[in-house]
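[1] Here you go, sequence then predicted model.
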Amino acid sequence: MNSEQNTTQKEKHAFSKFLERKDIVFSAKRYGIDALGAMALGLFGSLLIGTIFKAIGMVPALAFFATIGGYAQAVSGAAMAVAVAYALKAPPFVLYSAAAVGYAANALGAAGGPLAVLLITIVAVEFGKAVSKETKVDIIVTPFVTVFVGGGLSMLIAPYIGTVVGYVGTFIGWATLQQPFVMGLIISVIVGVALTLPISSAAICAAIGLSGAALANGVIPQNAEGLALAGGAAIAGCCAQMVGFAVMSFRENGWGGLASQGIGTSMIQMPNIIRNPRVWIPPTVASAITGPLATCLFKMKMYGAAINSGMGTCGMLGPIGMILGWYGGEYPGTVGVFDYVGLVLICFVLPAVLSTLLCLLLRRIGWIGENDLKLD
């Protein structure tokens, strides 16, 4: 019995050493934060920038920009997969082979393309890393294993991932149309909180398709109007977090802090949130107010790229995505002054005013102290 236990222990130890040598780490941080965040960067460098190029191409004299934008959007699956592989510290052959995996997963995943790319690329890359440089014909074995695992999984499960995500998106769209106040509040708060946490709200919005725009395969999603409203609520929540933290911490951080949080990310406040969670109350309450206002009063509808729904004021990509969607050819209606007034109020004015007032109240009662919002 002791001999069998010793053998098992040795095998476990050898396997652990193998994983350590291959830098294969099974952790929520590596897959849920590093890989997910990298996937969003891959989307930025392909789908998002392609959308901006296509918007510029709407100017008659600049039509060639639309062609360039189309090429950029076409490689979004490959770009996401390569980004994920890079985050997983893949060796060169695995990194390059991930492009084929991403293309297949995104194409077969349809509505769930980004999520399929994330999950399938993680598995394919880890298998590729496991065999990398283990044979004398590494130039064949490593890309073969990576593409075989990734391509095979894409054929087997990507369509089902797409179906599940499609159902989730359809439900969110339906629920938002039925209960715009409640769903506006829930989506705004959840996506806004995700933006401040060390995870990617942009990738989450892309994965579940928070936009009424056509999918990559040109198919208009079911309950597109509801998804568009949900995307507007997501933008509201993200802007509330970024603008809220930027404005309410101005006394501690000045103009530098205003810029780094207002057009950078509110994530840099996480150390302060951990030390005093009450500092998170003002922007979160603000998002609970602006979300329903976006869905019920201003009816902000996102018809740009879904990834923009989770960007907030980071590079102003949330509002920019909304505006691009208005003029992208799929917006069901005309855009007037009321729409622009709503956009400015929801994305900038109300988050700043509400967060500042709530912060002053919490400072007065002692829940937020001096330098509680000071950036390191």
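    Sure thing, it's come through. Numbers count the residues shown, from 1 in each chain.
[2] which residues of the chain score low on pLDDT?
    Scanning the chain for pLDDT under 70 picks out the ranges 1-7, 216-219.
[3] chain center to stretch 18-38: distance?
    Stretch 18-38 has its C-alpha centroid displaced from the chain centroid by 18 Å (Cα atoms, centre = their mean, to the nearest Å).
[4] What is the distance between the helix or strand hosting Gly291 and the centre of its chain?
    Assigned by DSSP states H and E, Gly291 falls within helix 281-292. Distance of helix 281-292 from its chain centroid, counting by Cα atoms, centre = their mean, is 20 Å.
[5] Could you identify the helix or strand that succeeds the helix ranked longest in the chain?
    In the chain, assigned by DSSP state H, the helix with the most residues is helix 138-178. Per DSSP H and E, helix 138-178 leads on to helix 180-196 as the next helix or strand towards the C-terminus.
[6] Now do that following helix against helix 281-292, angle only.
    Helix 180-196 and helix 281-292 are oriented at 140 degrees to each other (axes from the mean of the first three to the mean of the last three Cα atoms, to 10 degrees).
[7] Just the CA coordinates for helix 180-196, please, in PDB.
    Extracted C-alpha coordinates of helix 180-196, given in PDB (Å, rounded to 0.1, in the frame of the first residue of the first chain):
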ATOM      1  CA  PRO A 180     -36.300  48.600 -18.900                       C
ATOM      2  CA  PHE A 181     -36.100  50.200 -15.500                       C
ATOM      3  CA  VAL A 182     -35.100  47.100 -13.600                       C
ATOM      4  CA  MET A 183     -32.800  45.800 -16.300                       C
ATOM      5  CA  GLY A 184     -31.300  49.200 -16.900                       C
ATOM      6  CA  LEU A 185     -30.400  49.400 -13.200                       C
ATOM      7  CA  ILE A 186     -29.000  45.800 -13.000                       C
ATOM      8  CA  ILE A 187     -26.900  46.000 -16.200                       C
ATOM      9  CA  SER A 188     -25.600  49.400 -15.400                       C
ATOM     10  CA  VAL A 189     -24.500  48.500 -11.900                       C
ATOM     11  CA  ILE A 190     -23.000  45.000 -12.800                       C
ATOM     12  CA  VAL A 191     -21.100  46.100 -15.900                       C
ATOM     13  CA  GLY A 192     -19.900  49.300 -14.200                       C
ATOM     14  CA  VAL A 193     -18.600  47.300 -11.200                       C
ATOM     15  CA  ALA A 194     -16.900  44.900 -13.600                       C
ATOM     16  CA  LEU A 195     -15.100  47.800 -15.300                       C
ATOM     17  CA  THR A 196     -13.600  48.900 -12.000                       C
END
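[8] so that helix versus helix 138-178, what angle?
    Calculated by the same axes, to 10 degrees, helix 180-196 forms an angle of 150 degrees with helix 138-178.
[9] ok, and for helix 180-196, which residues are buried?
    Along helix 180-196, the positions that meet the burial threshold by neighbour count (16 or more other Cβ atoms under 10 Å) are 180, 183-196. From N, CA and C alone the C-beta is placed, and that goes for glycine too.
[10] How about residues contacting that helix?
    Identification of contacts with helix 180-196 by Cβ atoms under 8 Å, 6 or more residues apart in numbering yields 172, 175-176, 200-201, 204-205, 210, 229-230, 233-234, 236-238, 240-242, 245, 265-267, 269-270, 273, 280, 283-284, 287-288, 290-296, 309-310, 312.
[11] for it, the distance to its chain's centre please.
    14 Å.
[12] what's the spacing between the closest residue to Val131 other than its chain neighbours and Tyr160?
    With sequence-adjacent residues excluded and distances taken as Cβ to Cβ, 6 or more residues apart in numbering, Val131 is closest to Val145, at 4.9 Å. According to Cβ to Cβ, to the nearest Å, Val145 and Tyr160 sit 23 Å apart.
[13] So for these two, which residue has more residues nearby?
    Shown here are Val145 and Tyr160; by other Cβ atoms under 10 Å, Val145 has more neighbours (21 against 13).
[14] need the contact list for the more buried one.
    Residues counted as contacts of Val145 (Cβ under 8 Å, 6+ apart) are 127-128, 130-131.
[15] again with Asn253
    Contacts of Asn253 (Cβ under 8 Å, 6+ apart): 260-261, 373-375.
[16] Need the buried ones from those selected in PyMOL.
    To isolate the buried members of the contacts of Asn253 in PyMOL, using 16+ other Cβ under 10 Å:
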select buried, resi 260+261+373+375
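[17] Which ones among the contacts of Asn253 map onto helices?
    260-261.
[18] Tell me the one among the contacts of Asn253 nearest to Tyr86.
    Tyr86 has its nearest neighbour among the contacts of Asn253 in Ser260, at 24.8 Å by Cβ to Cβ.
[19] Find the residue closest to the closest one in space, skipping its chain neighbours.
    Distances taken as Cβ to Cβ, 6+ apart put Ile268 closest to Ser260, at 6.4 Å, once the chain neighbours are dropped.
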